[in-house]
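>>> Sequence plus predicted model, see below.
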Amino acid sequence: MDEETLLLEVETSMEEALEHMLTDFGGVRTGKASPSLVDNMDIYVASYGTSMKLKSIAVVSTPDARSILIQPFDPSTLNDIKKAIAESRLNITPIIDARSVRLPIPELSGERRKELCKYVKSLAEDTKVRVRAARKTGMDGIKKMKADNILTEDGVRTVEEKVQKLTDKYTKKIDELSEAKQKEIMTV
């Protein structure tokens, strides 16, 4: 393994951790309707005999700031969608309207907003742990490259600095995104 490959692997791991965090952030309810709340939800469709992602069996839209509209391609899946949403962690009661499912998004209480901010902080901290794990993997790779005489002492220091800069860059991004999400949650 050479220096460029090592740095690329470290950065890829950090980027994947950041993308995972953003996906998790999308599922955090902020008091306004967003298709990302339900897009990746797994729905067991009895007529098909399998679980599928909601976005693969329906169109999800937000007709206004307080509701999500789910229009299935096959109307026979309406009750499966309603059941999955009712059993999910969203705590939203779905309403069937003729050929669609409507989700009314209630206003968040101050206490619930604070709980969601704590949850966002914990997601951000978990992501930082993943970034630090990628850093450790990179540093271990550098030690191995030194042991195999691929890198000199100066080379080791240079690559360690590059790995640390990547770590600092992703940690800063995580903090910024976390603060932005918390601000979004607290905005009434």
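Great, that's in hand. Residues are numbered from 1 along each chain as shown.
>>> list the contacts for G49?
Residues in contact with G49 (C-beta atoms under 8 Å, 6 or more residues apart in numbering): none are found. C-betas here are computed from N, CA, C, even on glycine.
>>> and the gap between it and T187?
Using C-beta to C-beta, to the nearest Å, one obtains 43 Å as the distance from G49 to T187.
>>> do the same with V129
With distances taken as C-beta to C-beta, V129 is found 28 Å from T187.
>>> Could you count how many residues lie near K53?
As a burial measure, K53 scores 13 neighbours (other C-beta atoms under 10 Å).
>>> Which residue is the nearest non-sequential neighbour of it?
N40 (6.0 Å; C-beta to C-beta, 6 or more residues apart in numbering).
>>> Confirm the one you found sits in a strand?
No - counting by DSSP: H, G, I helix; E, B strand; the rest coil, N40 falls outside a strand, being coil.
>>> Pretty sure it sits against K55.
Yes - contact criterion C-beta atoms under 8 Å: N40 and K55 qualify, at 7.2 Å.
>>> Quick check: end-to-end length of stretch 42-52?
Start-to-end span of stretch 42-52 (C-alpha to C-alpha, to the nearest Å) is 5 Å.
>>> Much appreciated, bye for now.
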